[in-house]
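Engineer: Mind looking at a prediction? Sequence and model below.
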Amino acid sequence: MTFETLEHAVDDGVLTVTLHRPEQLNAFTVTMADELERTFREVNADDTVRAVIVTGAGRAFCAGMALSVEGNVFGLDETREPALADMSDLSDPSLARIRDTGGRVTLAIHDCTKPVIAAINGPAVGIGATMTLAMDARLVSTKARFGLVFGRLGIVPEAASSWFLPRIVGLPRAVDLALSADILDAAATVENGLATASYEPDELLPAARQLADRWTRGRSPVAVALTRQMMRRNSAYEHPADAHRVDSLAMFWTSVGDGKEGVAAFLDKRDAEFTGRASSMPGFYDEWLDETP
C-alpha cells in the first residue's frame with residue numbers, strides 16, 4: 001500500500017503506522033483521514049498483523065487539523081444544511097462531506113480486530129488527541145502534550161470522543177477536560193487517566209512493542225479479536241444477560257476452534273500453535289457488530 005501522509009512498517013507481526021507530515025507537525029488532513037480509515041479497515045484482512053502501533057514522525061504526534069487550507073478547513077460542504085434524520089445511514093455516499101472526518105477514523109479503529117496502541121511521541125492536539133481515545137492504550141513520551149482544545153476554537157469535541165472519553169476517565173472528568181480545553185503535559189495526561197504511563201523518548205516505541213507482544217504473542221487471533229470487541233461492546237448493554245448471549249456464542253465458537261489446541265497444549269505442557277485467523281471470524285460476528293455501538 002502507498003500513502004501520502006502515512007508510513008507503514010511491519011515487524012514480526014506488529015504494524016507500526018507513522019503519521020508522516022513532520023514539517024507540518026503531522027497536522028491532520030482529509031487525505032490523512034482517508035488513509036487512516038483505509039488502514040484500519042484493510043488490516044482486518046491481513047493475518048500477518050497481530051497488533052498495530054500508531055506514532056508520529058519528528059517531534060509531534062499530531063498537531064490537530066491543518067487549519068491553513070482553503071474553504072472549510074474540516075473538509076465539510078457548507079452548501080448543505082444537514083439534520084439528524086440525514087445521519088441515519090452513515091454508509092450513504094452523500095454524507096461524505098457532512099460526516100466528521102475524525103469520526104470516520106475512530107469508528108474504523110473501534111471496529112478493528114487487532115489491538116491498537118498509541119505511542120504519543122510529542123504534541124497531540126485536537127484530532128491528534130481524540131483519535132487516540134478509540135485505541136486500546138495510550139503511552140506517552142515525556143515530551144508529549146495532550147490537548148482537547150476545541151473550546152478555544154468555538155467548535156466541539158469530535159471523532160466520537162463524547163462516546164470514548166467518558167468511558168476512559170468517567171463523565172465528570174470528561175466534562176472538565178472538554179470544557180477546560182487545557183493542554184496537558186505528559187505527567188498530567190497520565191494523572192488524568194488518559195495514558196497508561198510516560199516514557200523517555202527513546203523508550204516509548206519499545207514499551208509500545210512490549211505491550212503489543214504481551215497482548216498478542218502466542219495468542220489466538222480470533223480470541224484476541226473477540227475479547228477486544230466484547231470489552232468494548234458488551235459493557236454498553238443495558239443488562240448482563242445481553243453480554244451473556246454474546247459470551248455464549250464467543251465461547252462456543254472459540255471452544256470448537258483454537259480452544260481445542262489451547263486445552264491440548266495446556267495438558268501437554270507445551271506452547272500452543274493456534275491456526276485461527278482474524279480474517280475469518282465466527283458467523284455471528286458481523287451480525288453482532290452491526291447491532292451494537
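Structural biologist: Done, it's in.

Engineer: residue ranges for the helices of the stretch 101-250 of the chain, please.
Structural biologist: Assigned by DSSP state H, counting those that start in this stretch, the helices in the stretch 101-250 of the chain fall at 101-111, 127-130, 150-153, 161-169, 171-180, 186-191, 201-216, 221-233, 240-255.

Engineer: Now do the strands in the stretch 51-200 of the chain.
Structural biologist: Taking DSSP state E, counting those that start in this stretch as the test, the strands found in the stretch 51-200 of the chain are 51-56, 116-120, 123-125, 137-141, 145-147, 183-185, 197-199.

Engineer: could you dump the first one to CSV, C-alpha only?
Structural biologist: The reference is to strand 51-56. Taking Å, rounded to 0.1, in the frame of the first residue of the first chain, the C-alpha atoms of strand 51-56 are listed here in CSV:
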residue,chain,number,x,y,z
ALA,A,51,-1.3,-5.6,16.6
VAL,A,52,-1.0,-2.0,15.5
ILE,A,53,1.1,0.8,16.9
VAL,A,54,0.4,4.4,15.9
THR,A,55,3.1,7.1,16.3
GLY,A,56,4.2,10.4,14.7
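
Engineer: where in this protein is pLDDT low?
Structural biologist: The model of the chain has pLDDT under 70 over residues 1.

Engineer: Tabulate the helices of the stretch 101-250 of the chain (a markdown table), appending mean neighbour count and distance to residue 59.
Structural biologist: For the C-beta atoms, the positions are set from N, CA and C on the backbone; glycine is no exception. Listed next are the helices of the stretch 101-250 of the chain as a markdown table, based on neighbours: other C-beta atoms under 10 Å; distance: least, C-beta to C-beta, whole Å:
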| stretch | mean neighbour count | distance to residue 59 |
| --- | --- | --- |
| helix 101-111 | 22 | 22 |
| helix 127-130 | 29 | 13 |
| helix 150-153 | 15 | 22 |
| helix 161-169 | 18 | 24 |
| helix 171-180 | 15 | 24 |
| helix 186-191 | 16 | 14 |
| helix 201-216 | 17 | 9 |
| helix 221-233 | 19 | 31 |
| helix 240-255 | 15 | 42 |
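
Engineer: do you know which of the ones you listed lies nearest residue 28?
Structural biologist: helix 127-130 (4.7 Å; C-beta to C-beta).

Engineer: Please state the offset of the closest one from the chain centre?
Structural biologist: In terms of C-alpha atoms, centre = their mean, to the nearest Å, the centre of helix 127-130 is found 11 Å from the chain centre.

Engineer: Kindly report the same for stretch 241-255.
Structural biologist: Counting by C-alpha atoms, centre = their mean, stretch 241-255 comes out at 24 Å from the chain centroid.

Engineer: just stretch 77-84 next, same as before
Structural biologist: Distance, centroid of stretch 77-84 to centroid of chain: 28 Å (C-alpha atoms, centre = their mean).

Engineer: Equivalent analysis for stretch 272-286, please.
Structural biologist: Distance of stretch 272-286 from its chain centroid, counting by C-alpha atoms, centre = their mean, is 21 Å.

Engineer: Would you mark the buried spots in that stretch?
Structural biologist: Of the residues in stretch 272-286, 272, 274, 276, 278, 281, 282, 285 count as buried by neighbour count, 16 or more other C-beta atoms under 10 Å.

Engineer: re earlier: in TSV, list the strands of the stretch 51-200 of the chain along with distance to residue 21.
Structural biologist: Output for the strands of the stretch 51-200 of the chain, formatted as TSV (distance: least, C-beta to C-beta, whole Å):
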stretch	distance to residue 21
strand 51-56	9
strand 116-120	16
strand 123-125	13
strand 137-141	18
strand 145-147	17
strand 183-185	20
strand 197-199	24
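
Engineer: re the thing from before, with respect to residue 201, which of the buried residues of stretch 272-286 is nearest?
Structural biologist: Nearest to residue 201 among these: residue 278, at 31.9 Å, using C-beta to C-beta.

Engineer: For that closest one, which residues are in contact?
Structural biologist: 44, 47, 113, 114, 221, 222, 224, 225 (C-beta atoms under 8 Å, 6 or more residues apart in numbering).

Engineer: Relative to residue 291, how far out is the first one?
Structural biologist: It stands for residue 44. For residue 44, the distance to residue 291 equals 18 Å [C-beta to C-beta, to the nearest Å].

Engineer: what do you get for the second one?
Structural biologist: Plainly put, residue 47 is 26 Å away from residue 291 if you go by C-beta to C-beta.

Engineer: and if you look at the last one?
Structural biologist: Here residue 225 is placed at a distance of 17 Å from residue 291 (C-beta to C-beta).

Engineer: what's the answer for residue 99, then?
Structural biologist: Residue 99 is 21 Å from residue 291, by C-beta to C-beta.
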